[in-house]
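A.B. asks: A structural model of the following input is requested.
(chains A and B)
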Amino acid sequence: MKPQRVIPAVLLLALAGSYAFASEGVPWGHKDHLTQFKYLAESEIYTQDTWAELLPDLQDKELREAVEPAQQRLEAVQAYYEAAMAEWDSAQLRDYAARTTEEDLKTVRLWLGNAKAAAFANKLALVRAKLEKASEEGLTDAEAAALAPHLTDEAIAGLRSMKYAAAQQAQVSGSFKKHEVPKEVANAAIKNVSGALSGNVSANIAKVFDGNTATGDAGAVRLGEKYALPKGTVRGAVAGVSAQLGKQVSNSAASALGANQPRATVATTVKSAPPAALAGANPPQAKSSAWTSDAYGFTVTANGRTQTYRDQAQAEAAIRALPDGSVSKIVLYGHGSPGMQTVGPATYDSDSTAELLRGKMARGGVIQFSGCNTASIGGSTLNPAVGLSMITRRLLYFSLPYFQDRADGVPAAQAKEQWDKGWNADLARDTSRGVKGAVVCGYRTFGLVPGRLPGLTRLMGNQEATTPGYVAGKIACYQDGREVAAP
Amino acid sequence: MNDLSAILEIILLLGIPFVPIAVGVLLRRKFVPAAAGGEPLTTGQKLGRLAGNILLWGGIAGILFMIVVVLNFKGVI
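C.D. replies: Residues are numbered from 1 along each chain as shown, chains lettered A, B, ... in the order given. Presented below is the predicted three-dimensional model:
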């Protein structure tokens, strides 16, 4: 081999070798990046297999980007766990028992480990069992003591009085058991005093039992039917016959059932709501078998959570539902052209993007247009690839439409004026003027995404990816119309 | 006049990627490796041939790049 060919060959081999050594992949679940891997696993962005297929550079990028949301997610789960392991009052008891799902336990297991998940599961199982038993059989002293580490004294007292309260409720509503006083006898006993009862008393006690706001008016009494007296009358009678009993019933039922608190208060004091699951926000991507890419989507990061969408209506509804100032990053991934970006069938220009995101972006939040030519070409460059991209942009977005217009009979001056303005439009800059404070980024060039290459996209199984991964292109960012460094 | 300038611009723009190819071919022809037994190339000649190779293959890569970009524009990739 001649010397002048040996040198480049050796250089090339050295370059390839050094690249390979420098970019060693990170194994799935590596302990140095455990939090990020938990986040990636929970959000179903990757599995062990799809992770292994990623290039080392992409793995590094994904891990870097996952640091912040993973940390926020970890903190949210820790806060949820700490609240769940604290002593519950009556309202929290009912709420945790009713709303905690297997998914919540899985989330705790993933983020905080088996031991904590088991502790939470044991507490939940114990409390649920005692809650059920309390209303049917009551609680023994030993059972109440077993609940002491998990519930407040008030909640335990409420549980202990549940049986009595339930019996009272059943008696009033007419569902007698074989050992209880038949309703005909009760009706006969109270019939004589019902008329003297205050409407307010009967209404209140009715509300305590079942939320019924009946006032206790007798209305038309139709004897001979199954229920000799209307329910409201019976309730009023019970309340009137024994004020003490009524008070006791009210207290016990209220503490056990939580009915003594206004609903709004209950809602604000209950803390069992787990951090919203990430998995539901990222539905499994449809596995296409196509050889070409159909990748597009919305990726929204708000309050430390990242959600991706393919559907425009779903994405826009989710964005509009977010609180103002909560979006730290949004990526619109699809095809771009000067002044415009598509995300699947949806099309956005600077006005529609600003309208969608105005007020939603956090200060310094990033709006990323991941589409070709979504920023202007910028100044001169020595990079030949950028130069070729500029040439192609001019050909495709000025020359081609100009001659199409001319063929359609549009006057030359008019066509020239129109496309001279349009070919170098800057979507990112124009959008940044409409979304004050946000950093809006776009590409000055055609952005080439390796994962979109026909065939390769099939091999990678990402035909319907919602995020672009690595993009080869020159990026430009603006804030309030002024160019700023890319975040 | 507008049409003519637009046509000239297209020719110029389309021609740009071929310029390095043409220069590369010229340099490669100018600095042909010595035949067996002939005088070896000087360092300057070797550099000239290397520059020719870079321009030739860079130009070809540029045209391929533009084709990829057009395919991207057409929505194929």
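
A.B. asks: How about whichever residue of chain B sits closest to chain A: what's its closest non-neighbour residue?
C.D. replies: Distances between chain B and chain A by C-beta to the nearest C-beta are smallest at residue B:2, namely 3.8 Å. (Glycine included, C-beta is placed from N, CA and C.) In space, and not counting its chain neighbours, residue B:2 is closest to residue A:412: 3.8 Å by C-beta to C-beta, 6 or more residues apart in numbering or on different chains.

A.B. asks: Kindly report the same for residue A:398.
C.D. replies: residue A:423 (4.1 Å).

A.B. asks: Contacts only, for the one you found.
C.D. replies: A:338, A:393, A:394, A:397, A:398 (C-beta atoms under 8 Å, 6 or more residues apart in numbering or on different chains).

A.B. asks: got it, and residue A:373?
C.D. replies: A:336, A:337, A:338, A:393, A:397, A:442, A:443, A:444, A:445, A:446 are the contacts of residue A:373 under C-beta under 8 Å, 6+ apart.

A.B. asks: which of these has the most neighbours?
C.D. replies: residue A:442 (31 neighbours; other C-beta atoms under 10 Å in any protein chain shown).

A.B. asks: For that one, grab phi and psi.
C.D. replies: phi -150, psi -180 (degrees, to the nearest 10).

A.B. asks: gap between whatever residue of the stretch 301-450 of chain A ends up closest to chain B and residue A:422?
C.D. replies: Nearest to chain B in the stretch 301-450 of chain A, going by C-beta to the nearest C-beta, is residue A:412, at a distance of 3.8 Å. According to C-beta to C-beta, to the nearest Å, residue A:412 stands 16 Å off from residue A:422.

A.B. asks: for residue A:35, same thing?
C.D. replies: 46 Å.

A.B. asks: Get me the contact residues on chain B for chain A.
C.D. replies: B:1-3, B:6, B:9-10, B:13-14, B:16-17, B:33, B:41, B:46, B:49-50, B:58, B:62, B:65-66, B:68-70, B:72-73, B:75-77 (C-beta under 8 Å from any C-beta of the partner chain).

A.B. asks: Turn the contacts of residue A:373 into CSV, including pLDDT, secondary structure and distance to chain B.
C.D. replies: Converted to CSV, these look like this (pLDDT from 0 to 100; DSSP: H, G, I helix; E, B strand; the rest coil; distance: C-beta to the nearest C-beta, whole Å):
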residue, pLDDT, secondary structure, distance to chain B
A:336, 91, strand, 10
A:337, 91, strand, 8
A:338, 94, coil, 12
A:393, 92, helix, 9
A:397, 92, helix, 9
A:442, 96, strand, 16
A:443, 95, strand, 12
A:444, 95, coil, 13
A:445, 93, coil, 9
A:446, 89, coil, 5
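
A.B. asks: Would you reformat these as CSV and include distance to residue A:345?
C.D. replies: Shown next, in CSV, are the contacts of residue A:373 (distance: C-beta to C-beta, whole Å):
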residue, distance to residue A:345
A:336, 15
A:337, 15
A:338, 20
A:393, 24
A:397, 22
A:442, 20
A:443, 21
A:444, 26
A:445, 25
A:446, 22
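
A.B. asks: Whichever of the residues of chain B next to chain A count as buried, I'd like them selected in PyMOL; how would that read?
C.D. replies: In PyMOL, a selection of the buried entries from these looks like this (16 or more other C-beta atoms under 10 Å in any protein chain shown):
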select buried, chain B and resi 6+10+13+16+17+41+46+49+50+58+62+65+66+68+69+72+73+77
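
A.B. asks: now, which of the residues of chain B next to chain A lie within helices?
C.D. replies: Members of those lying in helices (criterion: DSSP state H): B:2-3, B:6, B:9-10, B:13-14, B:46, B:49-50, B:58, B:62, B:65-66, B:68-70, B:72-73.

A.B. asks: what's the pLDDT at residue A:431?
C.D. replies: We have a pLDDT of 95 for residue A:431.

A.B. asks: list the contacts for it?
C.D. replies: A:350, A:353, A:354, A:367, A:369, A:440, A:478.
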